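Novice: predicted model, plus sequence, below.
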Amino acid sequence: MRVCLVTFGSAGDVHPMLALGKALGTRGHSVTLLTNPAFAEAAATSGLDFVPVGEERHYRETISHPKLWHPIDGFGVMWRYLLRPALAPTYLRIAELAAARRCIVIASPLAMGARVAQEKLGIPLITTYTSATMLRTVCDPMTMAQWRVPAWLPAGLRRAAWALLDRYKLEPLVRPALEGLRGELKLPPLREPVFGRWMHSPAGGLALFPAWFAPAASDWPEQVVQAGFPLYEDDAVQPDPPELEAFLRAGPPPVVFMPGTAQHDGGHFYEAAIRACAATGQRGLLLGAVPVEISRSLPRHVQAAPYAPFARLLPRARALVHHGGIGSSAQALRAGIPHLVVPSAYDQFDNAMRLERLGVGLSLPPGLGGLAGMSTRLGQLLGMDSVALACARCSEKTHARDAHESAARLVERLA
C-alpha cells in the first residue's frame with residue numbers, strides 16, 4: 001500500500017505523522033510525507049519519501065510572526081502565511097502522486113487541499129487528528145480557545161457559540177480561498193460549515209491520542225477511531241552535547257522549561273523560569289531560542305540548550321514546564337513527570353485542562369500575569385504527592401511501540 005501523509009504546522013504537528021509513517025513503513029508500506037520543505041531532513045531521518053509543498057519561507061514567516069501565539073488571532077496567521085499558500089499545491093501534488101500510482105492519503109483536517117482531492121479525484125482519505133480540539137463538540141468538557149465552557153451551559157447555547165465563531169471568524173477567513181480552488185476544479189460551492197463538518201473525511205478518521213487522555217465525545221464524527229500517542233523518537237539518534245550531559249550528571253534531575261518548538265519570543269518565559277528555579281531550589285534546563293542576554297548570565301544551577309530530544313531527556317527530568325502542545329504533553333506523560341502548562345493558543349488550553357483532570361499537572365493563565373505565578377505554582381506542583389502517583393499511572397499507559405502499531409493497524413483497517 002502506498003500512503004501519503006499530509007500535514008502543516010510546527011514540529012508538534014509534523015512529528016506525530018513522522019512516527020505514524022515510520023510505523024507504516026516497518027509494516028511494508030511505501031510512505032511519502034507531503035509538507036513544507038522545512039521538514040525535508042526530518043522526513044529523511046525517519047526513512048520517508050518526501051514531497052515539498054509550498055516554500056520554506058512560508059514556514060519561516062509563520063513561526064516568526066508576532067501574533068502566531070495569540071489565542072484569538074493565531075489561527076489567522078497560520079492560515080494566511082502557511083495553510084492558504086499550501087492549499088492548491090497540496091491538491092496538485094496529491095493529484096500527481098495518485099496519477100502515478102494508487103495511494104491512500106492520511107491528512108490533517110487543516111491540509112484542506114487533501115479534502116478537495118478526495119472530492120474531485122475520488123482518492124481515499126483518512127483525516128487524522130493530533131488533538132481533541134480538531135474535533136468539535138458541545139459535550140462536556142468543551143473549550144473554545146482559552147475559555148473552558150461551564151458544564152451547566154445548555155447544548156443549544158454551545159452550538160450557537162460555534163455557529164457565531166464560524167459566521168464571524170472562521171468562514172470569512174478560509175472560505176474565499178477554498179471556494180476559489182473548488183471553482184477552478186468545477187466543484188460545486190460548499191453547503192455546510194468548513195470546520196463543523198466538511199473538513200472531516202466521511203471515509204475515516206484517526207485520532208492520534210488515547211481515549212484515557214481525551215474520551216470520544218458522543219457528537220464526534222462516527223467514522224473517527226482512536227489510537228495512542230505515536231511518539232516521535234528519531235531525534236534521539238544523536239548523542240547529547242557533552243556540556244548538556246555533564247550538567248545532567250552533575251546534580252539532581254532538573255526542571256525542564258520549553259515554550260514550544262515554534263516559539264521565538266520567549267524572553268519573559270525564560271526569565272520567569274530562572275526565578276522559579278531560585279524560589280523552589282530546583283536545577284533548571286532552558287530549551288529553545290534563549291535570548292543571548294539571558295543565556296550569558298545564567299546562575300550555576302541553570303543551563304541552556306537549543307534543543308534536546310524529549311524521548312531521552314524527560315526520563316531524567318524532575319518536571320516539564322511547557323506550552324501544552326500535544327507532542328510535549330505526550331512525551332512527559334510517558335516519562336511520568338509532572339507538567340506545569342503555560343498555554344497561549346490552539347490546542348494548548350484544552351490539553352492543559354485534560355492534564356489537570358488526569359491529576360498530572362497544573363496550568364497558568366496566559367500572558368505575563370500567568371508567568372508571574374510560575375514560582376508559586378511550580379512549588380505547589382512539586383509538593384503534591386498525588387501528582388507523582390497520577391504521573392506513574394499515566395506513564396504505564398503510554399507505550400510508544402504499542403501506539404505506533406495500533407495506529408498503523410487502524411490505518412490498514414480503514415484503508
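Specialist: Great, that's in hand.

Novice: and the helices in the stretch 251-400 of the chain?
Specialist: Counting by DSSP state H, counting those that start in this stretch, the stretch 251-400 of the chain has these helices, from start to end: 267-280, 292-295, 310-313, 326-335, 348-358, 368-372, 374-382, 385-397, 400-414.

Novice: and the next helix or strand past the helix or strand containing residue 95?
Specialist: Element membership for residue 95, per DSSP states H and E: helix 84-100. Downstream of helix 84-100, the next assigned helix or strand under DSSP H and E is strand 104-107.

Novice: and the next helix or strand past that following strand?
Specialist: helix 112-121.

Novice: and the helices of the stretch 251-400 of the chain, which is most packed in?
Specialist: Of all these, helix 326-335 has the most neighbours on average by mean count of other Cβ atoms under 10 Å, namely a mean of 26. For glycine as for every other residue, the C-beta is placed from the backbone atoms N, C-alpha and C.

Novice: and the contacts of that one?
Specialist: Residues from elsewhere that reach helix 326-335, judged by Cβ atoms under 8 Å, 6 or more residues apart in numbering: 11-12, 15-16, 130-131, 209, 213, 229, 231-232, 258, 260, 310-311, 314-315, 317, 320, 322, 338-339, 341, 347, 351, 355, 360, 391, 394-395, 398-400.

Novice: one more time with 6 Å
Specialist: 12, 15, 130-131, 229, 231, 310, 314-315, 320, 322, 339, 351, 394, 398 (Cβ atoms under 6 Å, 6 or more residues apart in numbering).

Novice: now do stretch 298-312
Specialist: Residues contacting stretch 298-312 (Cβ under 6 Å, 6+ apart): 233, 235-236, 244, 247, 274, 277, 283-287, 290, 295, 331.

Novice: same thing but 8 Å
Specialist: The contact list for stretch 298-312, computed with Cβ under 8 Å, 6+ apart, reads 231-233, 235-236, 240-241, 243-244, 247, 251, 254, 273-274, 277-278, 282-290, 294-295, 327-328, 331-332, 335, 400.

Novice: break down the stretch 151-300 of the chain into its strands, ranges please.
Specialist: 205-207, 224-226, 255-258, 284-287 (DSSP state E, counting those that start in this stretch).

Novice: what packs against the second one?
Specialist: Applying 3 or more Cβ pairs under 8 Å, 6 or more residues apart in numbering; DSSP states H and E, we find strand 224-226 packed against strand 205-207.

Novice: again, 10 Å this time
Specialist: strand 125-129, strand 205-207, helix 400-414 (3 or more Cβ pairs under 10 Å, 6 or more residues apart in numbering; DSSP states H and E).

Novice: where does the stretch 251-400 of the chain have low pLDDT?
Specialist: For the stretch 251-400 of the chain, the stretches with pLDDT under 70 are 261-265, 400.

Novice: gap between the two ends of stretch 290-301?
Specialist: End-to-end distance for stretch 290-301, by Cα to Cα, to the nearest Å: 16 Å.

Novice: tell me, how many residues neighbour residue 222?
Specialist: Number of residues near residue 222 (other Cβ atoms under 10 Å) recorded here: 10.

Novice: my read is that it contacts residue 135, right?
Specialist: No: Residue 222 lies out of contact with residue 135 (Cβ atoms under 10 Å); the separation is 11.6 Å.

Novice: common neighbours of these two, please.
Specialist: 205, 216 (Cβ atoms under 10 Å, 6 or more residues apart in numbering).

Novice: which one, of the helices of the stretch 251-400 of the chain, ends up nearest to residue 56?
Specialist: Ranking those by distance to residue 56, with Cβ to Cβ as the measure, places helix 326-335 first at 21.1 Å.
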